[in-house]
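**Student:** Predicted model follows, preceded by the sequence.
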Amino acid sequence: MRVTPFVRLGLLVAILAAAAGSLLLWSPRRLLSQQLASDVPPLWGGLAFVIVFALATLAFFPKPVLNIAAGVLFGGPEGLLLAVAGTTLGGVLAFGLGRGLGREALQPFLKGKAAAALDRLLTEQGFRSVFLLRVIPGVPFPAVNFAAAFSGVRLRSFAAATALGVLPGTAAYVVAGASAASPASPAFLISVAVMVALTALTAVSMRQARRSATATPAHGAA
């Protein structure tokens with residue numbers, strides 16, 4: 001029996017809700033900082049970290065916390081590599097779920113001008129569009145995952161753009177975690193300054209988005 005697109009969409013919503021709800025039963029931060037650090041052999045520690053990181057992002061756990069944990073546990077270079085790998089894997093998992101379960105059901109809703117324009121941009125300029133959305137502060141990580149999944153972006157372009165686009169922000173948090181024991185060090189101070197700048201840019205972006213949203217109805221009414 002063929003499963004209808006809307007049944008698959010309902011399954012996607014149920015999976016994501018279950019993933020988010022699972023955080024009531026387990027703590028990624030505690031698992032990474034305590035159990036993973038002490039119970040897993042070093043050879044497998046990196047792989048286990050990437051898997052936990054990816055599953056935590058799928059459950060909408062705050063990614064900056066995971067990036068800082070990467071720096072604390074593995075240091076700067078290795079922590080950055082593992083954090084980017086975990087971020088990319090988490091994005092690919094969300095992309096696969098969205099593409100397989102939600103895209104067909106949502107296609108009829110992409111007929112409006114704004115939705116159609118975004119879909120066309122992501123489809124025709126997949127790597128560039130995803131890369132810019134990853135670099136720009138304030139754009140939610142899950143939103144980009146599913147916007148890309150519901151469009152025609154190729155998985156290869158999505159994964160590559162994600163890995164490269166998250167590098168700047170991820171590096172700031174990883175370095176902060178790696179140098180937290182030396183709060184007066186240049187590395188820690190620079191990373192904190194970058195995080196503050198990213199937070200400020202996020203606030204400005206959100207304010208501009210709200211102003212645009214409130215101005216559009218008024219303009220349309222006129």
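**Tutor:** Okay, I see it.
**Student:** center of this protein - which residue?
**Tutor:** The structure's the chain has its C-alpha centroid closest to F141; by CA atoms, centre = their mean the separation is 3.0 Å.
**Student:** Name the nearest residue to that one, sequence neighbours excluded.
**Tutor:** K63 (5.9 Å; CB to CB, 6 or more residues apart in numbering). All C-beta spots, glycine's among them, are computed from the backbone N, C-alpha and C.
**Student:** Would you indicate which residues of stretch 156-170 are buried?
**Tutor:** 157-167, 169-170 (16 or more other CB atoms under 10 Å).
**Student:** In which helix or strand does V65 reside?
**Tutor:** helix 63-74 (DSSP states H and E).
**Student:** ok, back up a step: kindly provide the distance from the residue nearest to F141 to L122.
**Tutor:** 21 Å (CB to CB, to the nearest Å).
**Student:** what do you get for N145?
**Tutor:** From N145 to L122 the distance is 12 Å (CB to CB).
**Student:** List the buried residues in the strand or helix carrying A56.
**Tutor:** For A56, the enclosing helix or strand under DSSP H and E is helix 42-58. Across helix 42-58, burial judged by 16+ other CB under 10 Å covers G45, G46, A48, F49, V50, V52, F53, A54, L55, A56, T57, L58.
**Student:** now those residues in CSV, with distance to L133 and pLDDT?
**Tutor:** Shown next, in CSV, are the buried residues of helix 42-58 (distance: CB to CB, whole Å; pLDDT from 0 to 100):
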residue, distance to L133, pLDDT
G45, 31, 83
G46, 28, 87
A48, 29, 89
F49, 25, 92
V50, 22, 94
V52, 25, 93
F53, 20, 95
A54, 19, 96
L55, 22, 95
A56, 21, 95
T57, 16, 95
L58, 18, 94
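**Student:** which one of the residues you listed is nearest T88?
**Tutor:** Proximity of the buried residues of helix 42-58 to T88 (CB to CB) peaks at A54, which lies at 8.2 Å.
**Student:** Identify the residues contacting that closest one.
**Tutor:** G86, T87, L89, G90, L93 (CB atoms under 8 Å, 6 or more residues apart in numbering).
**Student:** Quick check: the nearest residue to the fourth one once chain neighbours are set aside vs T162, distance?
**Tutor:** Put plainly, it is G90. Of all residues not flanking G90 in the chain, T57 sits nearest, at 3.3 Å (CB to CB, 6+ apart). Distance of T57 to T162, computed by CB to CB: 11 Å.
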